[in-house]
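Novice: coordinates for the following, if possible.
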Amino acid sequence: MAACPTPDKQRHRTFEAALKARDSLEQSRGIDLALRPYRCKCGAWHIGHRDKRGLRYMRRRTNR
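Specialist: Next up is the predicted model:
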């Protein structure tokens with residue numbers, strides 16, 4: 001793998017692994033963090049915010 005431009009972020013081998021990490025993080029905090037997996041220049045997958053401007057944290061709605 002190439003050098004990562006964001007070495008402070010956790011690296012995931014697959015898109016699915018990044019999704020699983022995101023879901024686990026959101027579940028542990030009980031909120032939707034509006035995170036998405038993305039492919040980094042280093043070849044790994046990271047999770048990050050779509051757009052940091054105007055980002056609002058919202059409680060997840062459960063329809064049970």
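
Novice: tell me the pLDDT at residue 16?
Specialist: pLDDT, residue 16: 96.

Novice: which SS class is it?
Specialist: helix (DSSP: H, G, I helix; E, B strand; the rest coil).

Novice: now the protein, which segments are flagged as low pLDDT?
Specialist: For the chain, applying pLDDT under 70 flags the ranges 1, 50-64.

Novice: just want the most central residue of it.
Specialist: Centrality entry for the chain: nearest residue to the mean C-alpha point is residue 47, 2.6 Å, by Cα atoms, centre = their mean.

Novice: and it, how far is that from residue 12?
Specialist: Distance from residue 47 to residue 12, counting by Cβ to Cβ, to the nearest Å: 8 Å. All C-beta spots, glycine's among them, are computed from the backbone N, C-alpha and C.

Novice: anything in contact with each of these two?
Specialist: Common contact partners of residue 47 and residue 12 (Cβ atoms under 8 Å, 6 or more residues apart in numbering): 18, 21, 37.

Novice: could these go into CSV alongside distance to residue 3 and neighbour count?
Specialist: Listed next are the shared contacts of residue 47 and residue 12 as CSV, based on distance: Cβ to Cβ, whole Å; neighbours: other Cβ atoms under 10 Å:
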residue, distance to residue 3, neighbour count
18, 19, 23
21, 22, 17
37, 20, 18
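
Novice: what residues does the helix or strand containing residue 20 touch?
Specialist: According to DSSP states H and E, residue 20 maps onto helix 15-29. Here helix 15-29 makes contact (Cβ under 8 Å, 6+ apart) with 10, 12, 32, 33, 35, 36, 37, 39, 45, 46, 47, 60.
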